[in-house]
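3D model of this:
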Amino acid sequence: MINGSTKLICLIGQPVEHSFSPSIHNTLFEKYDINSKYICFDVDKDCLKEAVNSIKALKIKGSNVTVPHKVDIMEYLDEIDINAKLIGAVNTIKNDNGKLIGYNTDGIGFVNSVIGKGYKIQDKNVMILGAGGAARSIAVEIANNNAKSIEIRNRTLDKAESIAITINENFKSIVKIGDINITKEDLENIDILINTTSLGMSPHIDKIPIDDTINIDKDILVCDIVYNPKETRFLKWAKENNLNTLGGIDMLINQALEAFYIWTEVKPDRECLYEVEQLRF
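Okay, here's the model as predicted:
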């Protein structure tokens with residue numbers, strides 16, 4: 001029931017009408033008996049400053065931020081978490097008594113998904129395909145969790161090099177870069193393989209970021225941040241090689257759970273979202 005004490009949390013982005021976030025957070029508010037509601041605001045780029053000021057003026061408790069505002073919104077915040085600074089993007093804002101603090105939960109969501117699968121990041125050799133915003137956030141959090149090495153493969157090396165410089169200057173993990181042409185030998189030298197590109201995303205479900213004729217025997221974890229379709233051609237290739245897989249829906253939900261914790265200080269149970277996930281995907 002909405003009443004005079006109901007707190008508002010929102011999503012700022014464009015477009016927002018297909019967002020899964022309201023389903024996740026309103027389910028969690030109900031489960032934990034928190035008098036809050038989550039709604040979406042479609043915000044034009046030239047209205048971003050006014051939208052941020054409205055968070056303060058309306059005493060909105062917090063916000064998620066999605067494309068195309070994750071970078072530009074940092075200019076209007078009062079404080080930014082150190083990892084969000086390294087990533088160079090914010091996807092979560094907490095209104096702390098009028099002070100807006102920016103965070104990035106994408107990388108944490110990914111790492112928590114890996115840990116939830118029973119794997120460790122520490123001392124592992126990781127390969128990331130792609131060098132966009134998702135790759136940067138995941139690389140920073142993997143380095144923060146003491147990966148032994150991170151190899152970033154991308155079509156254009158300048159973007160990969162930018163991520164490598166950030167990691168090598170701030171963490172102990174060793175970062176290397178290379179092109180997108182992956183060989184069997186490359187894969188047999190790593191423990192975790194992550195696709196952060198859009199290849200395989202609906203409607204282009206026939207795309208795959210590697211040569212799917214490669215057959216490998218080493219037991220590696222293959223991850224894809226694409227969540228539509230739920231099982232990409234990349235993950236199907238992994239299963240054909242008897243490799244364990246992790247789909248993008250896990251990261252999507254776990255980054256939302258981390259944001260929920262930032263706003264409420266409640267550590268939510270992922271299992272309560274199973275039914276919501278099945279209905280949506």
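
do you know how far Asp46 is from Gly88?
Distance, Asp46 to Gly88, by C-beta to C-beta, to the nearest Å: 22 Å. C-beta here means a position set from N, CA and C on the backbone, and glycine is covered the same way.

Apologies, that question was intended for Tyr38.
26 Å.

Alpha carbons only: can I get the helix or strand harbouring Lys236 in CSV?
Remark: Lys236 resides in helix 233-240, with elements defined by DSSP states H and E. Taking C-alpha atoms only, helix 233-240 is exported to CSV below (Å, rounded to 0.1, in the frame of the first residue of the first chain):
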residue,chain,number,x,y,z
ARG,A,233,25.3,-19.6,-29.0
PHE,A,234,28.5,-18.9,-27.1
LEU,A,235,27.1,-20.8,-24.0
LYS,A,236,25.9,-23.6,-26.3
TRP,A,237,29.4,-24.0,-27.6
ALA,A,238,30.7,-24.2,-24.1
LYS,A,239,28.2,-26.9,-23.1
GLU,A,240,29.1,-28.9,-26.3
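
That one: what's the following helix or strand?
strand 244-246.

quick one: buried residues of that following strand?
Neighbour counts over strand 244-246 (16 or more other C-beta atoms under 10 Å) mark Thr245, Leu246 as buried.

Just give the closest residue to Leu199, not the sequence neighbours.
Using C-beta to C-beta, 6 or more residues apart in numbering and skipping the chain neighbours, the partner closest in space to Leu199 is Lys207 (4.1 Å).

mind checking how far the one you found is from Lys70?
Between Lys207 and Lys70 the computed distance is 24 Å (C-beta to C-beta).

More neighbours: which of those two?
Between Lys207 and Lys70, counting by other C-beta atoms under 10 Å, Lys70 is the more crowded of the two (23 against 14).

was I right about the more buried one contacting Ala89?
Yes - using C-beta atoms under 8 Å, Lys70 is in contact with Ala89, at 4.1 Å.

Quick check: neighbours shared by these two?
Common contacts of Lys70 and Ala89 (C-beta atoms under 8 Å, 6 or more residues apart in numbering): Gly133.

quick one on the thing from earlier: by contact count, what packs against the helix holding Lys236?
strand 221-224, strand 244-246 (3 or more C-beta pairs under 8 Å, 6 or more residues apart in numbering; DSSP states H and E).

okay, the ones you listed in TSV with distance to Met1 and mean pLDDT next?
Shown next, in TSV, are these (distance: least, C-beta to C-beta, whole Å; pLDDT from 0 to 100):
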stretch	distance to Met1	mean pLDDT
strand 221-224	40	98
strand 244-246	38	96
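
residue boundaries of the strands in the stretch 1-150 of the chain?
Secondary structure of the stretch 1-150 of the chain (DSSP state E, counting those that start in this stretch): strands located at 7-13, 36-42, 62-65, 79-80, 92-96, 99-103, 125-129, 149-153.

re the thing from before, so can I have JSON lines of the helices and strands packed on helix 233-240 showing distance to Ser23?
Below are those laid out as JSON lines (distance: least, C-beta to C-beta, whole Å):
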{"stretch": "strand 221-224", "distance to Ser23": "21"}
{"stretch": "strand 244-246", "distance to Ser23": "21"}
